[in-house]
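Student: Model the following, please.
(chains A and B)
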Amino acid sequence: MSPEPVTGAGVPAVEVRELHVSLDGTRILAGVDLTVAAGEWVTVIGPNGAGKSTLLRAVGGLLPAPGAITLFGTPSAALRRRDRARVVATVAQSPVVPPGMSVLDYVLLGRTPYIPPLGRESAADVAAVHEVLDRLDLTGFHRRELATLSGGERQRVFLARALAQGATLLLLDEPTSALDIGHQQEVLELVDQLRREHGLTVLATMHDLSLAGEYADRMVLIADGRVVASGTPHEVLTEHLLATHYRASVRVVPGAHGPLVVPVRPRP
Amino acid sequence: MTSTPPPSRPAGLRFGTRPAGSSGSAGLSSEARPAGLSPEPRPAGLRKRWLVAGVVAVLVALVAGVSLGPVSLPPGSVSAELLNLIPGVHLDSELSEREIAIVIELRLPRVVLGLLVGGLLALAGGCYQGVFRNPLADPYLLGVAAGAGLAVTAVIALGGVGRQGALTGLPVTIPLAAFAGSLLAVTMTYVLGAAGGRSRSPAMLILAGVAVSAFLSAGQTYLLQRHADSIQPVYSWLLGRLATAGWHDVLLVLPYAVLTTVVVLLHRRELDVLAVGDDEARSLGLHPQRSRYLLIAAASLGTAAAVSATGLIGFVGIIVPHTVRLLAGSSYRVILPLSLLFGAAFLALTDVVARTAAAPAEVPIGVVTALLGGPFFVLVLRTARRVLT
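Tutor: Below is the predicted model of the structure:
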């Protein structure tokens, strides 16, 4: 349905070089480097205010970052907005829920980069949306108002909108922060399946470190606007690194996939 | 989504309840849906029955507006005479020459101007509500109308327009001045409303609009005080000039009305995208700020044209879009075209009330819309409370 983005073999999905971002005079990111291979799941972790969301916004084209970001081999700044929107889809941390909008209409917004400016959606766009809704088990939800859905259902609808965009790079900012433990797993499992089925690349930020380690291929720890560690979950989720950068007292124990991070009360 | 699923799907990881392999093939959606869910859910859009209802409302308002007045004429004859305006149609309306003159030269331009102005004000209101994501946005509450009013007053007072008596026939400069005034006002409101910082709340914007309105009205009062000979023509215009409208006024407003309508209606889908936020709109490939400026300019042009033709007629931009939203749906693809139609019908019918309620005297039409709009505004406030806090 969507034109395949240029994904030459070996070309990384995301390449960030020396990314500096200042907002209102405050330096948020100070020279971040990051590479995400196509098909990979990379999760960015870091304490509050470290710049995780800013990094995602820059990669998604929501912040100007001239020269610093390359998407599938093309400088992000050289992409037209519509073309970028066909390559990168973002699920924000808490997207606006417009009153009165149905699930079908909301997910259809994801087709915007394919709808001519000032035009209207085609039957193919509607079919693509139905396909995504069916895939995400939202078949009976078309007419439901977005505002009336539960947190887990809503998160699936946000995901559906991003998938309808047909982008191969999915940016997820705290995709599970509003969900209970069961729905957290449900959503992350779904993302992982979609990634395998459709060859998606996932760049996420997460606060729950154990959960992050279970799903990520690689993790990047940023603090004070810099990358301070990156590698497999085992390499990043260490008691020493977490104590240094989160000022957290934790035990790291082996888990099924990644290590599990358990907070423990510091001894006096 | 890609249209062909990769062959190697790990079956054990199925999340859904549907059998694996049924989700990928293109165009399956309608066949794959259980029969109980028919008819096929459709995206938001203007349903034909609402469009028909809107057109019927406009036609009813047109015939009623032309028929009713000091000399009431049979609606059937009036309809026949209106149809005679279509080239090639010749019906016998059984109206006298004098009655035909009343219909064509006196009442019809007034009703048509009412339709145009009502449609414009409602469309502008709906457009502002979408652009500012604010249910209370309206040409009056944003100060746009006050800006247009000040500009028109300045043209009349400083330019000496209409000093020899009542204002008849709009000078061409007036809509242009009104447009400049309305743009100035909406810019002031926007900047002032954003002064609270990044958290540009809906209530801030409206408070800013109130402040800007008060400021500009003070300027208007000052001008009038300094140019006392302009008070009479300015007030006859302020209170609504529909009563003296002629074809000249209709022709003057028409190009602006067409331009505003075309620009706003073309962007109706973009307004739906803007409803989910600027970041989302941007990541979907739009230029939210560019669309916003264009739409603000278009809505302000429409407001300016309406104000310069008929003076200050408030609340149409609140009453009509909200009623449409409640009845027909919250998508701007529905709200905008229907606001245009029902706004037109609403104002033309309000004008009928304005000139018959206290006959033979006329109640200023702005008074009638304000009497209706005040209570309605309270209603909107109650339903919008969640958005505002």
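Student: where are the low-confidence patches of the stretch 1-150 of chain A?
Tutor: A:1-9 (pLDDT under 70).
Student: what ranges do the helices span in it?
Tutor: A:52-59, A:81-87, A:103-108, A:123-135 (DSSP state H, counting those that start in this stretch).
Student: Redo these as a markdown table? Include distance to residue A:45 and mean neighbour count.
Tutor: For the C-beta atoms, the positions are set from N, CA and C on the backbone; glycine is no exception. Formatted as a markdown table, those follow (distance: least, CB to CB, whole Å; neighbours: other CB atoms under 10 Å in any protein chain shown):
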| stretch | distance to residue A:45 | mean neighbour count |
| --- | --- | --- |
| helix A:52-59 | 7 | 24 |
| helix A:81-87 | 25 | 20 |
| helix A:103-108 | 29 | 26 |
| helix A:123-135 | 29 | 21 |
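Student: Would you reformat those helices as TSV and include distance to residue A:265?
Tutor: As requested, these are exported to TSV (distance: least, CB to CB, whole Å):
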stretch	distance to residue A:265
helix A:52-59	26
helix A:81-87	46
helix A:103-108	43
helix A:123-135	44
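Student: nearest to residue B:107, of those?
Tutor: Closest to residue B:107 of these is helix A:103-108 (CB to CB; 42.4 Å).
Student: Can I get the closest one in CSV? Just the C-alpha atoms.
Tutor: Extracted C-alpha coordinates of helix A:103-108, given in CSV (Å, rounded to 0.1, in the frame of the first residue of the first chain):
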residue,chain,number,x,y,z
VAL,A,103,-12.0,5.3,16.2
LEU,A,104,-12.3,4.9,12.4
ASP,A,105,-11.9,8.7,11.8
TYR,A,106,-9.0,8.9,14.2
VAL,A,107,-7.1,6.0,12.5
LEU,A,108,-7.9,7.5,9.1
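Student: Which residues does it contact?
Tutor: With contacts defined as CB atoms under 8 Å, 6 or more residues apart in numbering or on different chains, helix A:103-108 is touched by A:98, A:121, A:125-126, A:129, A:132-133, A:138, A:141-146, A:149, A:157, A:160-161, A:164, B:41-44, B:272, B:276, B:331.
Student: Please convert the buried members of these into ChimeraX selection syntax.
Tutor: Buried members of these, defined by 16 or more other CB atoms under 10 Å in any protein chain shown, are picked up in ChimeraX with:
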select /A:98,121,125,126,129,132,133,138,141,142,145,146,149,157,160,161,164 /B:41,43,44,272,276,331
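Student: Up against chain A, what does the stretch 251-389 of chain B have?
Tutor: B:266-267, B:269-270, B:272-273, B:275-277, B:279-280, B:282-287, B:325, B:329-331, B:333, B:387 (CB under 8 Å from any CB of the partner chain).
Student: are any of the residues you listed buried, and which?
Tutor: B:266-267, B:269-270, B:272-273, B:275-277, B:279-280, B:282-286, B:325, B:329-331, B:333.
Student: Which members of these occur in helices, if any?
Tutor: B:266, B:269, B:270, B:272, B:273, B:279, B:280, B:282, B:283, B:325, B:333 (DSSP state H).
Student: how near is the first one to residue A:218?
Tutor: Separation of residue B:266 from residue A:218 (CB to CB, to the nearest Å): 46 Å.
Student: cool, the second one as well?
Tutor: Counting by CB to CB, the gap from residue B:269 to residue A:218 is 39 Å.
Student: Need phi/psi at residue B:68.
Tutor: Per-residue torsions, residue B:68: phi -90, psi 140 (degrees, to the nearest 10).
Student: Now it. Nearest residue, chain neighbours left out?
Tutor: Counting by CB to CB, 6 or more residues apart in numbering or on different chains, residue B:68 lies nearest to residue B:352, which is 5.2 Å off, once chain neighbours are set aside.
Student: host element of that neighbour?
Tutor: Secondary-structure assignment from DSSP states H and E places residue B:352 in helix B:332-356.
Student: Might you calculate how far that helix sits from the centre of the chain?
Tutor: Here the centre of helix B:332-356 is set off from its chain's centre by 9 Å, with CA atoms, centre = their mean, to the nearest Å.
Student: for stretch B:146-158, same thing?
Tutor: Centroid separation between stretch B:146-158 and its chain, computed with CA atoms, centre = their mean, is 22 Å.
Student: Check which residues of that stretch are buried.
Tutor: Quick answer for stretch B:146-158 (16+ other CB under 10 Å): B:146, B:147, B:148, B:149, B:150, B:151, B:152, B:153, B:154, B:155, B:156, B:157.
Student: Restricting to C-alpha, output that stretch in PDB.
Tutor: Taking C-alpha atoms only, stretch B:146-158 is exported to PDB below (Å, rounded to 0.1, in the frame of the first residue of the first chain):
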ATOM      1  CA  ALA B 146     -14.400  44.800  17.200                       C
ATOM      2  CA  GLY B 147     -11.300  45.300  15.100                       C
ATOM      3  CA  ALA B 148     -13.400  45.500  12.000                       C
ATOM      4  CA  GLY B 149     -15.800  47.800  13.700                       C
ATOM      5  CA  LEU B 150     -13.000  50.200  14.700                       C
ATOM      6  CA  ALA B 151     -11.600  50.200  11.200                       C
ATOM      7  CA  VAL B 152     -15.000  51.000   9.700                       C
ATOM      8  CA  THR B 153     -15.600  53.700  12.200                       C
ATOM      9  CA  ALA B 154     -12.300  55.200  11.400                       C
ATOM     10  CA  VAL B 155     -13.100  55.200   7.700                       C
ATOM     11  CA  ILE B 156     -16.400  56.800   8.300                       C
ATOM     12  CA  ALA B 157     -15.200  59.400  10.900                       C
ATOM     13  CA  LEU B 158     -11.900  60.300   9.400                       C
END
